[in-house]
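A.B. asks: This is a predicted model, with the sequence first.
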Amino acid sequence: MRLFSTRRARTAVIAVAVGSLALTGCGSSGSDTETKDQSKTQDDAKTQSEAVAYGDVEASKGPAAPVEGSREGGTMRIFQESDFSHLDPGQIYVSDAGQLSVLIHRGLTTFVQDDEGKLTVVGDLATDSGTPSEGGKVWTFTLKDGIKDEDGDPIDSADIRHSIERLYSKHITDGPTYLQQWLSGEGTTYRDAYEGPYDGEHLPDSVLETPDEKTIIFKFDKPRADLPQALTMAGYSIVPDEDDTKEKYDKAPKALGPYKIAEFSPGKSMKLERNENWDPNTDPKRHAFVDAWDITFNHDRVDQSKRIAADRGDAKNAIQFSGTVDTSQVRSIITNEETNARTVKGYQPYVWQLNMNMDRIKDKKIRDAITYALPNGDILRPDGGTYGGEPAGGLLAPTLPGYEKGYDPYGKIDKPQGDIEKAKELLKEAGAEGKTLVYGYANSPHRQKQAIIIEKALEKAGFQVEKKEIEGATYYERVGKVENGLDIYMTGWGQDWPSISTVIPPLYDGTQIADGASNYARINDEHVNAEIKRINDITDPQKATPEWQKLHKYIVEEVNPAAPLYFTKLLQIHGSNVGGVRYSSEKSYIDITRVFLKS
């Protein structure tokens, strides 16, 4: 999943084989905190890849597990940097909206987390995590009783069918595409297979069947062991058929979760209130302890950090939602016993990288020169320093099975300040000294600081840089266009579940290049495309992982479509009146399903 461009974080899920379920820190020289490193390490990241279980009917029942000391009442306060990228679940593939979706949307499956951070896949709207048959080619789900939307209208299998079919429509451009592609079969682009339900046409029963009001049957041309994990994604949450307003749904969705949108002023504020038609007895994941959520936008990370650390007024009732402690505030917060006790730390599944548009930068020597020039340690500093992450040598995160610690073909870990001389040498060999690079970046304060660092490094290497500032809320829409007019631009990506199959195919499959797709570098390499197809057919994760590792090395070393920058870690702060706070192994933020106000 995409990490939101103006802040940091999102979801770790899982990869499994039918019958055998397997899920899959260090200090940075770029840190200016001058404190003992108490941040999370790669050992912590590894613990996030421990095995998970599939939940049965009993595990999928509500209500959610009790939270010690919890009470109901009050309004949770959120200071957010900018507006949410999308509210329509079918469009949600970015971390900030993914966090919000937990409160207002629900899907067929979800994750529950125990006190040790271990995850279990359970039924959310479904009675369990799904029943496979025919070796995993067919999956059957049954809906729970008593599921209603915010208007009190019951949810049935027709709503599930519609929610899936609408994802094929042209106005849905930003959400995940796993399920659509799987249902369409090998050798078919899903948008060519079906145009959506709005003209009265349905997907055939041979791929999606709803034999009665409670039953949904998915039928694939090959085993799809990851389906229960994929269905936990916000992008596969439910849109009631009769309430679907197409493009307009992105501003006023219907809630199935514990809260609904009471007021929304785009770019300014949002208020959530209780959804009285949400039944906690159907929900194994979510609590609804507070009465309301008061969210205001245009609070940068410095403002968020200072307000909540000061702990005055409504800041006592506040949490960071998808923002993190700003680098400038880390030292004062971590070295103070009281504020440090109000922080949450975790290792996230994201890798930030600088994409090099291969439609425009065709010479690998130029791409290599860019990569060598970048000072990863300095680029990390505005995004949290040691507490924000660590320089990356490759494009796979430490939270993935198959991650190889120390892999560093361009010397980004050994030389986090970059290798300008090597960059100059390569640029000269390419005959491209003085080449102009059009650089797109988000308009948040820390991205603006990073843009200055990157610009200076590239200019030292012999490039000319033309910067283009992009509005944060629409950043991924801009860089996601095939004809985006840019040469280089940063993106952050985290696995949709701990399998390399959720990283390499969406980012580097040349057969999937399209507006809104995630192949940001426009890589279209025949060997890479063929290997993705071959490895995707390996159903045993233990056998697939080493093949993905080999392909990763080929992409990084032989093609180099994107320069690795840094892995991300989380440091968030909350007010003194907030209880039930813990790190979410699923969302990589504060777990908002269980927070409450102490008084």
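C.D. replies: Structure's in. What do you need?

A.B. asks: do you know how far Glu150 is from Ala59?
C.D. replies: 26 Å (C-beta to C-beta, to the nearest Å). C-beta coordinates here come from the backbone N, C-alpha and C atoms, glycine included.

A.B. asks: let me redo that: Leu427
C.D. replies: Counting by C-beta to C-beta, the gap from Leu427 to Ala59 is 57 Å.

A.B. asks: In terms of neighbours, single out the busier of the two.
C.D. replies: Leu427 (25 against 16; other C-beta atoms under 10 Å).

A.B. asks: State the mean pLDDT of the helix or strand harbouring that one.
C.D. replies: Taking DSSP states H and E as the criterion, Leu427 maps to helix 420-429. Helix 420-429 carries an average pLDDT of 98.

A.B. asks: In terms of secondary structure, what does it contact?
C.D. replies: helix 364-373, helix 445-461 (3 or more C-beta pairs under 8 Å, 6 or more residues apart in numbering; DSSP states H and E).

A.B. asks: Please, where are all the helices along the stretch 301-450 of the chain?
C.D. replies: 301-310, 327-334, 337-340, 364-373, 376-380, 385-388, 420-429, 445-461 (DSSP state H, counting those that start in this stretch).

A.B. asks: Of the ones you listed, which stretch is the most buried?
C.D. replies: helix 385-388 (a mean of 28; mean count of other C-beta atoms under 10 Å).

A.B. asks: Touching, Asn298 and Glu81? I think so.
C.D. replies: Yes. With contact defined as C-beta atoms under 8 Å, Asn298 reaches Glu81; the gap is 7.5 Å.

A.B. asks: Looking at these two, which one has more neighbours?
C.D. replies: For Asn298 versus Glu81, the count of surrounding residues by other C-beta under 10 Å is larger for Glu81: 25 against 13.

A.B. asks: Run through the residues that contact the more buried one.
C.D. replies: Thr6, Arg7, Phe297, Asn298, His299, Asp300, Arg301, Gln304, Ser322, Gly323, Ser444, Gly472 (C-beta atoms under 8 Å, 6 or more residues apart in numbering).

A.B. asks: Now the phi/psi pair for it, please.
C.D. replies: phi -70, psi -50 (degrees, to the nearest 10).

A.B. asks: got it, and the one 10 residues further on?
C.D. replies: For Gln91, the backbone dihedrals are phi -100, psi 0 (criterion: degrees, to the nearest 10).

A.B. asks: how near is the residue nearest to it when sequence neighbours are not counted to Arg286?
C.D. replies: Excluding the flanking residues, the one nearest Gln91 by C-beta to C-beta, 6 or more residues apart in numbering is Asp174, at 4.5 Å. Per C-beta to C-beta, Asp174 is found 24 Å from Arg286.

A.B. asks: Next: Asp124.
C.D. replies: Counting by C-beta to C-beta - Asp124 and Arg286 are separated by 9 Å.

A.B. asks: And the two? Which one has more around it.
C.D. replies: Asp124 (29 against 22).

A.B. asks: who touches that one in this structure?
C.D. replies: So Asp124 contacts Ser60, Arg106, Gly107, Leu108, Thr109, Thr110, Thr232, Asp283, Pro284, Lys285 (C-beta under 8 Å, 6+ apart).

A.B. asks: where along the stretch 251-400 of the chain do the strands fall?
C.D. replies: 259-265, 269-274, 292-296, 318-319, 343-356, 389-391 (DSSP state E, counting those that start in this stretch).

A.B. asks: Highest mean neighbour count out of those strands?
C.D. replies: Taking mean count of other C-beta under 10 Å, strand 389-391 is the most buried of those, at a mean of 28.

A.B. asks: what is the mean pLDDT for it?
C.D. replies: 93.

A.B. asks: partners of that strand in the sheet?
C.D. replies: Sheet pairing of strand 389-391 (DSSP bridges) gives strand 562-573 (antiparallel).

A.B. asks: Can I get the partner strand in PDB? Just the C-alpha atoms.
C.D. replies: Taking C-alpha atoms only, strand 562-573 is exported to PDB below (Å, rounded to 0.1, in the frame of the first residue of the first chain):
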ATOM      1  CA  ALA A 562      14.000   3.500  -8.200                       C
ATOM      2  CA  ALA A 563      16.700   4.600  -5.800                       C
ATOM      3  CA  PRO A 564      16.100   3.100  -2.200                       C
ATOM      4  CA  LEU A 565      16.000   5.900   0.400                       C
ATOM      5  CA  TYR A 566      14.900   4.700   3.800                       C
ATOM      6  CA  PHE A 567      12.800   2.300   5.800                       C
ATOM      7  CA  THR A 568      10.300   3.900   8.200                       C
ATOM      8  CA  LYS A 569       9.600   3.700  11.900                       C
ATOM      9  CA  LEU A 570       6.800   5.200  14.000                       C
ATOM     10  CA  LEU A 571       7.000   7.600  16.800                       C
ATOM     11  CA  GLN A 572       3.600   9.100  17.800                       C
ATOM     12  CA  ILE A 573       2.400  10.900  20.900                       C
END
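
A.B. asks: Next secondary structure after that strand?
C.D. replies: strand 578-579.

A.B. asks: so how far is Gln91 from the nearest residue to Asp300 once chain neighbours are set aside?
C.D. replies: Spatially, and ignoring its direct neighbours in sequence, Asp300 is nearest to Pro445 (5.2 Å; C-beta to C-beta, 6+ apart). Going from Pro445 to Gln91 by C-beta to C-beta gives 26 Å.

A.B. asks: Then Lys598?
C.D. replies: 36 Å.

A.B. asks: The two: which has the busier surroundings?
C.D. replies: Applying other C-beta under 10 Å to Lys598 and Gln91 shows that Gln91 carries more neighbours, namely 24 against 15.

A.B. asks: pretty sure the more buried one is touching Leu167, no?
C.D. replies: No. Applying C-beta under 8 Å, one finds Gln91 not in contact with Leu167, separated by 9.6 Å.

A.B. asks: what's the overlap in contacts for these two?
C.D. replies: Shared contacts of Gln91 and Leu167, defined by C-beta under 8 Å, 6+ apart, are found at Gly175, Gly235.

A.B. asks: hang on, the earlier thing: go through the contacts of Asp124 and say which is closest to Ala457.
C.D. replies: Using C-beta to C-beta, Thr232 is the member of the contacts of Asp124 that sits closest to Ala457, with 39.3 Å.

A.B. asks: pretty sure Tyr198 is in a strand, no?
C.D. replies: No. Counting by DSSP: H, G, I helix; E, B strand; the rest coil, Tyr198 is located in no strand; its state is coil.

A.B. asks: Measure how far stretch 152-172 is from the centre of its chain, please.
C.D. replies: Centroid separation for stretch 152-172 versus its chain: 22 Å, with C-alpha atoms, centre = their mean, to the nearest Å.

A.B. asks: Just the mean pLDDT for that stretch, thanks.
C.D. replies: 97.

A.B. asks: Alpha carbons of that stretch, in CSV - could you do that?
C.D. replies: Extracted in CSV, the C-alpha atoms of stretch 152-172 (Å, rounded to 0.1, in the frame of the first residue of the first chain):
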residue,chain,number,x,y,z
GLY,A,152,-30.5,1.0,9.4
ASP,A,153,-30.8,-0.8,6.0
PRO,A,154,-29.6,-4.5,6.1
ILE,A,155,-26.5,-5.5,4.2
ASP,A,156,-26.9,-8.7,2.1
SER,A,157,-24.9,-10.6,-0.5
ALA,A,158,-26.1,-8.2,-3.3
ASP,A,159,-24.3,-5.4,-1.5
ILE,A,160,-21.1,-7.4,-1.4
ARG,A,161,-21.4,-8.3,-5.1
HIS,A,162,-22.0,-4.6,-6.0
SER,A,163,-19.1,-3.5,-3.9
ILE,A,164,-16.8,-5.8,-5.8
GLU,A,165,-18.3,-5.1,-9.3
ARG,A,166,-18.1,-1.3,-8.9
LEU,A,167,-14.3,-1.6,-8.6
TYR,A,168,-14.1,-2.3,-12.3
SER,A,169,-15.7,1.1,-13.1
LYS,A,170,-13.6,3.8,-14.7
HIS,A,171,-14.2,6.3,-11.8
ILE,A,172,-12.4,3.9,-9.4
